[in-house]
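Enquirer: kindly return the folded structure for what I paste below:
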Amino acid sequence: MTATLAPLSTPLTQRPEIVRETAAAGAISVEQRLSFAELAYRQSWLRKAAVLAALAVVWEIYGRWLDNPLLFPTFSATVEAFAGSVLSGEIPAKALISLQTLAIGYGIGIVLAALLTTLAIGSRIGTDLLETLTAMFNPLPAIALLPLALIWFGLGQGSVVFVLVHSVLWAIALNTHAGFRSVSNTLKMVGLNYGLRNLSLVRAVLIPAAFPSILTGLKVGWAFAWRTLIAAELVFGVSSGSGGLGWYIFENRNALETTNVFAGLFTVIMIGLFVENVIFANIEKKTIRRWGMQH
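Expert: Below you'll find the predicted structure:
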């Protein structure tokens, strides 16, 4: 048996064509100029400057409302004391002493971290050694080693350098090792196919690929070292016959010169901002961002 289709009761209707008028070619704006406010907002340094200016205004208002220079001087009084100490050469001399000590400890910490990390990626024993040492000493505050540093190295620069190395070493080693371990096996095999081995593989493949983690470790190590240095100078006092910024703050605190204390703290903050936003920012711009590893 064959089935026959019944004819449709309603005829098919054709969908009407829809014609939309397009805008004239001259009316289309392919590129639109940004306003001055939009251009300013895109500048990172302007946004940060606005944040700093807002903090300075809050500082000034609170200091004037409190009206107690011995307890909390205003921002304008702090800047005035800072300018006077800079012109007299006292703060630059103290800052130079602190930065020289910091450079020694920071450099030794970087070298030791590089050696430990190279050993860790070269063998399993090296990995176990690094993980064990970091688990033991990384949670240990550098300030807790001050009594031992005094016994071992005496009251001088050696004690400060010792605690600086401790504060820098583990942060850089951990971040560098984590960066090396995150490098894909494909990149490693490409380097091996080119005949790279050991230190040449580390220099040509692992360091560029893991540089974001390495730079993070350097930033963290710098922050740890800077605050450890100021704390160590507050405890140790004079190092090798002269004191740094920490000793400058300590001396003025004893003399109840609160404005100079704030000027010393202001110097510590300004140096930190300069290192973070100028030195490390330029390194990041010329390496990570140039290589397309970060936007």
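Enquirer: buried sites along stretch 102-118?
Expert: For stretch 102-118, the neighbour count (16 or more other Cβ atoms under 10 Å) marks 102, 104-106, 108-110, 112-114, 116-118 as buried. From N, CA and C alone the C-beta is placed, and that goes for glycine too.
Enquirer: quick one: least confident of those?
Expert: Least confident by pLDDT among these: that is Thr118, with 83.
Enquirer: circling back to that earlier point, filter the buried residues of stretch 102-118 down to the ones in helices?
Expert: Among the buried residues of stretch 102-118, the ones falling in helices (DSSP state H) are 102, 104-106, 108-110, 112-114, 116-118.
Enquirer: and Pro16, that's in a helix?
Expert: No: assessed by DSSP: H, G, I helix; E, B strand; the rest coil, Pro16 does not belong to a helix; its assignment is coil.
Enquirer: list the contacts for it?
Expert: Contact partners of Pro16, counting by Cβ atoms under 8 Å, 6 or more residues apart in numbering, are absent.
Enquirer: pLDDT score for it?
Expert: 70.
Enquirer: ok, and what's touching the helix or strand hosting Val58?
Expert: Using DSSP states H and E, Val58 sits within helix 44-66. Outside helix 44-66, the residues that touch it by Cβ under 8 Å, 6+ apart are 40-41, 69, 72-77, 277.
Enquirer: show me which pair in those residues is furthest apart.
Expert: Based on Cβ to Cβ, the longest span within the contacts of helix 44-66 runs between Tyr41 and Pro69 and measures 37.1 Å.
Enquirer: need the contacts of helix 44-66 in a markdown table (columns: neighbour count, secondary structure and pLDDT).
Expert: Shown next, in a markdown table, are the contacts of helix 44-66 (neighbours: other Cβ atoms under 10 Å; DSSP: H, G, I helix; E, B strand; the rest coil; pLDDT from 0 to 100):
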| residue | neighbour count | secondary structure | pLDDT |
| --- | --- | --- | --- |
| Ala40 | 12 | helix | 69 |
| Tyr41 | 13 | helix | 69 |
| Pro69 | 13 | coil | 84 |
| Phe72 | 16 | coil | 89 |
| Pro73 | 23 | coil | 90 |
| Thr74 | 21 | coil | 90 |
| Phe75 | 19 | helix | 91 |
| Ser76 | 13 | helix | 90 |
| Ala77 | 18 | helix | 90 |
| Asn277 | 13 | helix | 87 |
